[in-house]
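**Student:** structure for this input, please:
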Amino acid sequence: MDFPATDTSTTFAKPLSGKLAVITGSTSGIGLGIARALAEAGANIVLNGLGPVDEIERLVAELSRMGVEVSFDPANLMLAESAANLVSSAIDRHGRIDILVNNAGIQHVAPIEEFPIEKWEAIQALNLGAAFHTIRAALPDMKAASFGRIINVASAHALVASPFKSAYVAAKHGVLGLTKTVALEAARDGVTCNAICPGYVWTPLVEAQIEDTARARGLDRTQVIEDVLLAAQPNKRFATVEELGALAVFLAGPFAASINGAAIAVDGGWTAQ
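**Tutor:** The predicted structure follows:
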């Protein structure tokens, strides 16, 4: 059997040069870290998410200075049609979509008998439904091009559960099931679909959570980090958005063609227990 040769001319310097990447929830946190990494690797970027207009304009300018084309789409991913239009608009503008990163998500914590129904529905719509609708819109063009990289940012909670997070755990388990199904359906079309499953990642939202938890529980900062947030992570450290960005670049690149349907834990050993 003949195997396709890998073009190594830009593999290391700019492995994603000329590719088009759409990243949901990419104006802050993990999504922004992935967008920066993909841009540094040469991909043109479509940002999506929330934030003040001036901050989004700053981010577009920042990433554009990396020598790639960057735009912003304010699509409301809570709505099925809007999520699909995020992809179709990118294809209309660029003539292609090579990389789709489903990262957008929300969280709510409550006992299941007290869990607000509207929170359940919102979490399913954004964390799981939006991924379905963007993939559904992107896959025909990826198949036609015989190339596509779909990366779903799931969670350690796609692999294990925690109390009081019924909606989030259910949605993230669903994301992993969706990932595996798409991987099987597109396996012979040059398209891969994988899930990154982070534990706690250092972001501004986590920083705020540390301070809030310290006040609420009467603990100091170190106690909150080690005994509350990182209690399940054996390495007792947060992952960084740069680590996740580097992983996304590899999964989107030429040497990840045989990684398909995988759930890659980035959780300091949490799910190894």
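**Student:** what are the ranges of the helices in the stretch 1-150 of the chain?
**Tutor:** Secondary structure of the stretch 1-150 of the chain by DSSP state H, counting those that start in this stretch: the helices cover 29-40, 53-64, 80-94, 117-123, 130-145.
**Student:** buried ones in the last one, by neighbour count?
**Tutor:** Burial within helix 130-145, assessed by neighbour count using 16 or more other CB atoms under 10 Å, is assigned to 130-135, 137-139, 141-143. Every C-beta, even on glycine, is put in place using the N, C-alpha and C of the backbone.
**Student:** returning to that earlier point: redo the helices of the stretch 1-150 of the chain as TSV? Include mean pLDDT and distance to Asn152.
**Tutor:** Output for those, formatted as TSV (pLDDT from 0 to 100; distance: least, CB to CB, whole Å):
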stretch	mean pLDDT	distance to Asn152
helix 29-40	98	12
helix 53-64	98	22
helix 80-94	98	14
helix 117-123	98	15
helix 130-145	98	6
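**Student:** can I get the buried residues of helix 130-145 in TSV including distance to Asn85?
**Tutor:** Output for those, formatted as TSV (distance: CB to CB, whole Å):
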residue	distance to Asn85
Ala130	12
Ala131	15
Phe132	14
His133	9
Thr134	10
Ile135	14
Ala137	8
Ala138	12
Leu139	15
Asp141	14
Met142	17
Lys143	20
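**Student:** that older thread, single out the most deeply packed of the helices of the stretch 1-150 of the chain.
**Tutor:** Highest mean neighbour count of these: helix 29-40, a mean of 25 (counted as mean count of other CB atoms under 10 Å).
**Student:** show me where the chain has strands.
**Tutor:** 20-23, 44-47, 70-72, 99-102, 148-153, 191-198, 263-266 (DSSP state E).
**Student:** mean pLDDT and distance to Phe255 for those strands - can I get that in TSV?
**Tutor:** Listed next are the strands of the chain as TSV, based on pLDDT from 0 to 100; distance: least, CB to CB, whole Å:
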stretch	mean pLDDT	distance to Phe255
strand 20-23	99	17
strand 44-47	98	21
strand 70-72	98	25
strand 99-102	99	15
strand 148-153	98	12
strand 191-198	98	12
strand 263-266	98	14
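**Student:** closest one to Glu118 among those?
**Tutor:** strand 99-102 (22.3 Å; CB to CB).
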